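> quick one: sequence plus predicted model below, questions after.
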Amino acid sequence: MAANTVTPAFPAPAGPAAPPGADAPAEAAPKLGLPLPVLHATVLDWYAANARDLPWRTPDASPWAVMVSEFMLQQTPVKRVLPVWETWMERWPTPADLAAEAPGEAVRMWGRLGYPRRALRLHGAAVAITEKHGGEVPEDHATLLSLPGVGEYTAAAVASFAFGQRHVVLDTNVRRVFARAVTGAEYPAQATTAAERRTATALLPAADRTAATWAVAVMELGALVCTARGPECGDCPLFTSCAWQRAGRPPYEGPARRGQTYEGTDRQVRGKLLAVLREAHDEVPQARLDAVWPDAVQRARALDGLVADGLVEPVEQGVYRLPR
DNA sequence: GATTCGTGGCC
DNA sequence: TGGCCAAGAAT
């Protein structure tokens, strides 16, 4: 694991030196048996030593750069996001730059990241930021939430990581870390529960900047150590206090977690159709789309869906292109 | 609350 | 090999 060479955007105050009670109530974290300041220092120290050197975490990363990364990282691994993010930031360094382009260009440059509606929504967010917010990414959580493609998680993440605010940031990594360390379960429930929000709220450091770094630190712990499969518990700073570890790492017992089938689905057909549109730099005749999938009924349904979503634009009878 | 929505890599 | 998973949002 590479040592972190990034200066944290919002460095935490020296954790171990923080006087008890200055940071948060001195009560022990539920089921962790650690005073909150100790828990915070433990995770923050681990983060300082182990965080990945990601470009959207550098001190000079703009709020827009953070927002673009958060859109791309929705359901998509960091490794695949990195090169596309670099391309986007070079081409569209500000929201206004993206807003000035056709939405289809965003879809094209999205490449094979998947879930291309995110590209359309990010373009929509850029337009809204440009037209309604003076070209600056809003700092306010509620205003962020009003942007297309920005939900509970992304609003909290941008407010926290780009602006150093204190928010509960609950993503799949954080949920898994808390499920294990606090609740003693291998995996969290399928949907976020009120209990999870209470736990996350109770553990959040009191100071804004510390809370912001805590959020990214817990996420990083989930991404690098407390992983879904094959967690590296021997490398975990919470090894001795983790409720799941102390319980003997009992296997998941809840309802079967829904698998994501893909072969033969409309999603696969949509993907194939859109790939043709992306690679063509102009209009595409029907015949080229027909070639990607044998079932005409499913093909037509997929294409209709893409048009309905605004990802594809009919030009004339039997001719399509990315939206302008 | 359950579904839909891409793509690729890994154990 | 193939099921499972990856910084979710919208409906």
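Nice, I can see it.

> list the contacts for the residue in chain A that DNA strand C sits nearest to?
Closest residue of chain A to DNA strand C, C-beta to the nearest atom of the strand: A:Gly151 (2.6 Å). In this view, the C-beta of every residue, glycine as well, is placed from N, C-alpha and C. Counting by C-beta atoms under 8 Å, 6 or more residues apart in numbering, A:Gly151 makes contact with A:Leu145.

> let's see it at 6 Å
Contact partners of A:Gly151, counting by C-beta atoms under 6 Å, 6 or more residues apart in numbering, are absent.

> could you check how far it is from DNA strand B?
Remark: distance between A:Gly151 and DNA strand B (C-beta to the nearest atom of the strand, to the nearest Å) = 11 Å.

> just the element for the closest residue to DNA strand B within the stretch 151-300 of chain A, please.
DNA strand B sits closest to A:Gly271 of the stretch 151-300 of chain A, with a gap of 1.6 Å, by C-beta to the nearest atom of the strand. In the assignment (DSSP states H and E), A:Gly271 maps to helix A:266-279.

> anything in that helix near DNA strand C?
No - with C-beta under 7 Å from any atom of the strand as the criterion, DNA strand C is not reached by helix A:266-279; the gap is at least 10.5 Å.

> quick one: that helix to chain centroid distance?
23 Å (C-alpha atoms, centre = their mean, to the nearest Å).

> one more: stretch A:116-123?
14 Å.

> again, but for stretch A:220-234
Centre-to-centre, stretch A:220-234 and its host chain are 17 Å apart (C-alpha atoms, centre = their mean).

> endpoints of that stretch, how far apart?
16 Å (C-alpha to C-alpha, to the nearest Å).

> buried residues in it?
A:Glu220, A:Leu221, A:Gly222, A:Ala223, A:Leu224, A:Val225, A:Cys226, A:Pro231 (16 or more other C-beta atoms under 10 Å).

> is that stretch anywhere near DNA strand C?
Yes - judged by C-beta under 7 Å from any atom of the strand, stretch A:220-234 and DNA strand C are in contact via A:Glu220, A:Gly222, A:Ala223, A:Thr227, A:Ala228, A:Arg229.

> any idea which element the third one lies in?
Applying DSSP H and E as the criterion places A:Ala223 in helix A:208-224.
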